[in-house]
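Student: take this sequence and fold it.
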Amino acid sequence: MNAVLTNNASTDIGIDNECPICAHLCDPVTKNPRFNSETLAAFEETKAIMRGEIPAKRYKPHEFEEVWSKLLED
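Tutor: Numbers count the residues shown, from 1 in each chain. Next comes the predicted model:
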C-alpha cells in the first residue's frame, strides 16, 4: 500500500519548518531566543558554578524555611 501524507488544514499548526510563536520570540538574525538581562545573568552565574569559579549554594533540610524566605524576597 502506498500511503500519501496530505496536508489537513484543520490540523496544520504551521510547524513544518519553524514554530511561528518561537520564530516571533527569537532574534531574527541569530535565531536564538531573546532573554532579559536577569535571565542572562543567571545563565552566566550557572556557567561560573559549573566551572567551579563560584561555590554552589547548598542547604541542609532543616534550613528549608530560610531558603524559602530568601526565594520569596527576590
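Student: in the chain, which ranges drop under the pLDDT threshold?
Tutor: Scanning the chain for pLDDT under 70 picks out the ranges 1-18, 74.
Student: what's the longest helix in it?
Tutor: As assigned by DSSP state H, the longest helix anywhere in the chain is helix 37-51.
Student: run through who's touching that helix.
Tutor: With contact meaning Cβ atoms under 8 Å, 6 or more residues apart in numbering, helix 37-51 is reached by 35, 54, 55, 56. (Glycine included, C-beta is placed from N, CA and C.)
Student: do you know how far residue 54 is from residue 62?
Tutor: 24 Å (Cβ to Cβ, to the nearest Å).
Student: could you identify the buried members of the contacts of helix 37-51?
Tutor: Not one of the contacts of helix 37-51 meets the buried threshold, by 16 or more other Cβ atoms under 10 Å.
Student: identify the farthest-apart pair in these.
Tutor: Maximum pairwise distance in the contacts of helix 37-51, criterion Cβ to Cβ, is 24.6 Å, between 35 and 55.
Student: burial count for the nearest residue to residue 32 once chain neighbours are set aside?
Tutor: Among residues not flanking residue 32 along the chain, residue 26 sits closest, at 6.2 Å (Cβ to Cβ, 6 or more residues apart in numbering). Each residue near residue 26 was counted by other Cβ atoms under 10 Å, and the total is 15.
Student: partners of residue 26 in the sheet?
Tutor: Under DSSP bridges, the beta-bridge partners of residue 26 are residue 33.
Student: against residue 35, how distant is it?
Tutor: For residue 26, the distance to residue 35 - Cβ to Cβ - is 11 Å.
Student: next: residue 65.
Tutor: Counting by Cβ to Cβ - residue 65 and residue 35 are separated by 31 Å.
Student: what does residue 20 give?
Tutor: Distance, residue 20 to residue 35, using Cβ to Cβ: 20 Å.
Student: and what of residue 50?
Tutor: 18 Å.
Student: same check, this time on residue 70
Tutor: For residue 70, the distance to residue 35 - Cβ to Cβ - is 23 Å.
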